[in-house]
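>>> Predicted model and sequence below, questions to follow.
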Amino acid sequence: RWSIQVSRPLLRGGRVAGVGVMSISPEHIGRTLASFRIAPQDNVGLFDTQGTILSTNRNLAKVLGKTVSPARPFMQADAPVRGNYRDASFTDGRDRVFGWERVPGTALVATAGIDVEALLAPQERLFRQEWTRASLLAGALLAFGAVIVVLFANLLRKQQAVAESEARFRDFAGASGDWFWETDAEGRFVWISPQMEERIGYAPQSCLGRRRIDVVAAGLDLGAEPWKSHLEALARREPFRDLVYRQQTPKGMKWIRGACVSYFDLAGAFVGYRGSASDVTAALEAEEQLHGALENLDELIALTDAGDRMVFANRSFREFNAAVAEHIAPGRPYVEHLRAGIALGLFPDAPGNDWDYDNPAGDKGLHGGVQWYDKHPELLDKAREYVDEKAIPQIVELDKNYKPDILWFDTPSKIPLSENLRIM
């Protein structure tokens, strides 16, 4: 199939980095030319500077790709940007007066031909109308050429933006501590950034065409974590985060952390994964040393993440909470083991404001309601003890050490007014 190719060089740093090409169907241009409001006997066309017919409004299928006589004025080496001449039309042999105009910035020439018989009609009014129509037609062709130039300029700008985006990504990738990769739909690596060789000693080319599980340490148990969950996620074509695994590399045994996203083509078909990886060996070894130091301390120590979920509990903490051991496993909310302990009666004197607390300041039953102290005055001593030994000393400590502007309380409505006043 014929097409009209318009190209521009893509420059980076003053050097040619590629070529941008726009391909236009002659039929599309022919339909556009045929849509112009011209007389049935008139002719418009698009040529290259060698005289090859690229598109026309008449007999396009018959003349497309053929070359007109080299004697045509617009084909001469010293031909001006625009001009006119009279000749028999190549498309149908009719005698016409032609005007031509070169499309700026291209090797294209637009022509408009007015039928001589109509042009020389005796009526002067018709004569002027025909020439006016030719001028309008030439203007329309020039506008069409301008549209081509604008479309191509937009294409070049988009390509330049893509090139700049790719350069920016390469700069960020080079400055980061990670390497980046891409796989096909089968999980085989099709691209890996060069930082991989610097970090763990593998040349990217040595891993291309292989899957991750083909590259990691020998003796891999695919039924064990984290690989079991990882392979299940891949089967569902889901993204993954924080995949941490050991890998024997030319630079020794390394701990690698990986993450990726799934990507799809415009039709919605799964294409593969794009992601990053990091060498976290030093960080994990330091974490292991920290855990080792904390493990043997007599103090109860627990570490949580930003979501207040358990990350680590040392030996003393585990022994103290042996009755609720399942509630201090990594990933469980920290407060969970406290609730479980209270439910088991491990903290009988714990004051608080939780529905599970069974004490005078709690909510469970309230020992007779909001005014429990009228129904059970024998419990007042416990409330006074709490105020004297817990609430007031804490307030004094806060005031003395931190000089706060505001203090707020979440449980005073559950104790008698007299104790509230003492606290205030």
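Now that the structure is in, tell me what you want to look at. Numbering: from 1, shown residues only.

>>> how close does Arg96 sit to Ile38?
To Ile38, Arg96 is 12 Å away according to C-beta to C-beta, to the nearest Å. Just so you know, the C-beta spots here come from the backbone N, C-alpha and C atoms, and that holds for glycine as well.

>>> neighbour count winner among these two?
Arg96 (24 against 20; other C-beta atoms under 10 Å).

>>> Assign a three-state SS to that one, would you?
Here Arg96 is recorded as strand under DSSP: H, G, I helix; E, B strand; the rest coil.

>>> what about the chain, any weak spots by pLDDT?
Within the chain, the segments meeting pLDDT under 70 span 37, 118-156, 158-177, 217-219, 348-370, 410-414.

>>> quick one: stretch 297-305 to chain centroid distance?
Put simply, stretch 297-305 sits 39 Å off its chain's centre (C-alpha atoms, centre = their mean, to the nearest Å).

>>> swap in stretch 34-53?
On C-alpha atoms, centre = their mean, the centre of stretch 34-53 falls 46 Å from the chain's centre.

>>> Any idea how far apart the tips of it sit?
Start-to-end span of stretch 34-53 (C-alpha to C-alpha, to the nearest Å) is 15 Å.

>>> now stretch 307-317
20 Å.

>>> residues making contact with it?
The contact list for stretch 307-317 (C-beta atoms under 8 Å, 6 or more residues apart in numbering) reads 291, 294-305, 321, 328-335.

>>> Narrow those to those in strands?
Counted as lying in strands by DSSP state E, out of the contacts of stretch 307-317, are Ala302, Leu303, Thr304.

>>> Identify, from these, the entry nearest to Ala269.
Thr304 (42.3 Å; C-beta to C-beta).

>>> so that closest one touches Val335, yeah?
No: counting by C-beta atoms under 8 Å, Thr304 stays clear of Val335, with 10.0 Å between them.

>>> about what we covered before: filter the contacts of stretch 307-317 down to the buried ones and hand me the PyMOL line.
PyMOL command restricting those to the buried ones, with burial defined by 16 or more other C-beta atoms under 10 Å:
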select buried, resi 294+301+302+303+304+321+328+332+334
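
>>> which residues of this protein fall in strands?
4-12, 15-24, 43-48, 53-56, 82-88, 95-102, 108-115, 178-183, 189-192, 240-249, 252-264, 270-279, 302-304, 310-313.

>>> export these to CSV and tack on distance to His230?
Listed next are the strands of the chain as CSV, based on distance: least, C-beta to C-beta, whole Å:
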stretch, distance to His230
strand 4-12, 39
strand 15-24, 38
strand 43-48, 57
strand 53-56, 55
strand 82-88, 68
strand 95-102, 62
strand 108-115, 56
strand 178-183, 13
strand 189-192, 15
strand 240-249, 6
strand 252-264, 9
strand 270-279, 12
strand 302-304, 25
strand 310-313, 21
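
>>> Give me the buried positions along stretch 238-257.
Phe240, Leu243, Tyr245, Gln247, Thr249, Lys254, Trp255, Ile256, Arg257.

>>> now for those residues, which pair is the farthest apart?
Phe240 and Thr249 (20.9 Å).

>>> Neighbours of Phe264, how many?
Neighbour count of Phe264, defined by other C-beta under 10 Å: 12.

>>> So that it lines up with my notes, have the first residue be 43 from now on.
Sounds good: first residue 43 from here, last item Phe306.

>>> Dig out what it forms beta bridges with.
On the basis of DSSP bridges, Phe306 is bridged to Phe312.

>>> coming back round to it: among the strands of the chain, which is nearest Leu463?
Among those, strand 344-346 comes nearest to Leu463, with 37.7 Å by C-beta to C-beta.

>>> what packs against that closest one?
Counting by 3 or more C-beta pairs under 8 Å, 6 or more residues apart in numbering; DSSP states H and E, the packing neighbours recorded for strand 344-346 are strand 352-355.

>>> Distance from the chain centre to the strand it packs on, please.
Remark: strand 352-355 is offset 33 Å from the chain centroid, using C-alpha atoms, centre = their mean.

>>> Sheet-wise, list the partners of it with their directions.
When pairing is defined by DSSP bridges, strand 352-355 lines up against strand 344-346 (antiparallel).
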